[in-house]
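>>> Requesting a structural model of the entry that follows:
(one chain, ligands or ions: 1)
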Amino acid sequence: MLLGDFRRRFGALLRGRTLEGAVGTGLNLPYYSPAVTEAFGVDFSIGMLREARQRARALGLPMRFVQADAQALPFPAAAFDTVAISLALCTVADPPTALREMARVCRPDGRIVLLEHVASPVGPVYALERLLSPLQERQMGCNLTRRTVDTVRELGFRIEAEESRWWGVFRLVIARPPAL
Ligand SMILES: C[S@@+](CC[C@H](N)C(=O)[O-])C[C@H]1O[C@@H](n2cnc3c(N)ncnc32)[C@H](O)[C@@H]1O
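Predicted structure coming up:
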């Protein structure tokens with residue numbers, strides 16, 4: 001509910017040979033654009049991948065799933081036109097490592113698409129995120145106070161478009177990988 005149409009818009013941004021990192025149960029799959037020519041999903045949870053595979057089958061989406069760590073992707077450099085991730089950089093142990101891996105496997109002229117929740121720039125909202133984060137981390141391994149979009153910028157990704165919802169908590173970002 002909080003995401004509004006962000007999942008649909010995330011899916012619409014995918015093009016060509018596409019990798020979704022930390023795909024989970026595949027909640028974005030129904031929204032994949034017809035411009036996706038080949039799709040791969042990785043996650044390190046076998047249970048999540050099992051559900052994602054069932055969802056892909058039900059949707060008639062020919063997609064390959066690989067159990068892998070988003071921080072060490074088992075793909076060669078520049079293998080994908082689009083590399084996407086949603087609601088997962090809050091969970092991976094080391095977001096900069098995962099982002100560098102996303103950049104590595106993306107073609108230099110390819111597209112990185114992120115849908116993430118981050119630390120809000122609005123003081124009282126950030127205070128609430130700080131309050132709730134320890135509980136959320138304990139229950140779901142999810143950190144509410146990461147400044148993921150700042151990290152993306154600091155790593156040299158070129159942000160082409162960014163939209164936010166709910167006082168800057170949810171961000172939909174289109175970026176280009178850093179120049180080598
Ligand atoms: C909150 S879920 C989000 C799933 C999905 N992307 C979505 O938008 O619904 C986070 C997912 O990240 C996965 N994950 C966390 N760290 C990971 C890592 N280092 N490598 C691969 N998957 C990871 C978890 O297994 C889980 O499926």
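>>> next helix or strand past the least confident helix or strand in the chain by mean pLDDT?
Scoring the helices and strands of the chain by mean pLDDT, DSSP states H and E places helix 123-140 at the bottom, with a mean of 94. On the C-terminal side of helix 123-140, the closest following helix or strand by DSSP states H and E is helix 148-154.
>>> Let me know whether that next one sits next to the ligand.
No: judged by CB under 6 Å from any ligand atom, helix 148-154 makes no contact with the ligand; its nearest approach is 13.2 Å. Quick note: C-beta positions are derived from backbone N, CA and C, even for glycine.
>>> Ok, stretch 67-81 next?
Yes: residues of stretch 67-81 are located near the ligand by CB under 6 Å from any ligand atom, namely 69-71.
>>> Quick one: end-to-end distance for that stretch.
The first residue of stretch 67-81 is 21 Å away from its last residue (CA to CA, to the nearest Å).
>>> Can you point out the buried residues in that stretch?
68-71, 73, 75, 78-81 (16 or more other CB atoms under 10 Å).
>>> Serialize these to a markdown table and add fields for secondary structure and pLDDT.
A markdown table is the format used below for the buried residues of stretch 67-81 (DSSP: H, G, I helix; E, B strand; the rest coil; pLDDT from 0 to 100):
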| residue | secondary structure | pLDDT |
| --- | --- | --- |
| 68 | coil | 98 |
| 69 | coil | 98 |
| 70 | coil | 97 |
| 71 | coil | 98 |
| 73 | coil | 98 |
| 75 | coil | 98 |
| 78 | coil | 98 |
| 79 | coil | 98 |
| 80 | strand | 98 |
| 81 | strand | 98 |
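>>> just checking, what's the longest strand in this structure?
Secondary structure of the chain per DSSP state E: the longest strand is strand 106-117.
>>> How about it and the ligand, any contact?
No: contact of strand 106-117 with the ligand (CB under 6 Å from any ligand atom) is absent, the minimum separation being 7.0 Å.
>>> Buried by neighbour count: which residues of that strand qualify?
106-107, 110-117.
>>> Contacts only, for residue 73.
19, 21, 42, 101-102, 104-105 (CB atoms under 8 Å, 6 or more residues apart in numbering).
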